[in-house]
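J.: can't give you the sequence, but here's the structure:
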């Protein structure tokens, strides 16, 4: 993907601050961090989002995230951290190459996720569960 910034980072066409790399994944510092140390982990092979991610990549992404997160926690005196991935424009994805964010957190950082939590009307949680389990079971049978 010639126009993908992350693919260009992998091929060294664009410079980046690489934290960790192996044959499958790379981790870099985010150029526009929420906090200093904000890191990204992504596969070297282009894939658009989480659902496009090859199953064999799951392990490599999480192992790299673990290595980088430990480095952040040990060296930046974090009080916590967020791991997240934005998938699709509506979810905030701006680079369409799957990536996992590792964001340092501090008690005084004034970052809040403002949520309007919902309650399922009577019987709706069960209905949603049935719909989703049916799909999951169908997919399992196809494997």
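T.: That came through fine. Remember, predicted model here, so these are calculated numbers, not experimental data.

J.: and the spatially most central residue of the chain, how far from residue 116?
T.: By C-alpha atoms, centre = their mean, the chain has its centre lying nearest to residue 100, at 2.2 Å. Distance from residue 100 to residue 116, counting by C-beta to C-beta, to the nearest Å: 26 Å. Every residue, glycine included, has its C-beta placed from N, CA and C.

J.: for this protein, what helix or strand is lowest in average pLDDT?
T.: Lowest by mean pLDDT, DSSP states H and E among the helices and strands of the chain is helix 124-142, with a mean of 92.

J.: check contacts around the residue in the chain sticking out farthest from the centre.
T.: Ranking residues of the chain by C-alpha distance from their mean position (C-alpha atoms, centre = their mean) puts residue 122 at the top, at 33.7 Å. Going by C-beta atoms under 8 Å, 6 or more residues apart in numbering, residue 122 touches no other residue.

J.: mind pulling up the phi and psi values for it?
T.: As for residue 122, its main-chain torsions (degrees, to the nearest 10) stand at phi -50, psi 120.

J.: list of residues touching the least confident helix or strand of the chain?
T.: For helix 124-142, the external contacting residues (C-beta under 8 Å, 6+ apart) are residue 120.

J.: now that helix, how far from the chain's geometric center?
T.: 25 Å (C-alpha atoms, centre = their mean, to the nearest Å).

J.: tell me the buried residues in it?
T.: Within helix 124-142, no residue counts as buried by 16 or more other C-beta atoms under 10 Å.

J.: can you start the count at 6 instead of 1 from here on
T.: With 6 as the first residue, the last one maps to helix 129-147.

J.: where in the protein is pLDDT low?
T.: Counting by pLDDT under 70, the chain shows low-confidence ranges at 6.

J.: where do the strands of it begin and end?
T.: 23-26, 30-34, 44-48, 85-89, 105-110 (DSSP state E).

J.: point out the most buried one among these.
T.: Of all the strands of the chain, strand 44-48 has the most neighbours on average by mean count of other C-beta atoms under 10 Å, namely a mean of 25.

J.: and that strand, which strands flank it?
T.: Applying DSSP bridges, strand 44-48 is found paired with strand 30-34 (antiparallel), strand 105-110 (antiparallel).
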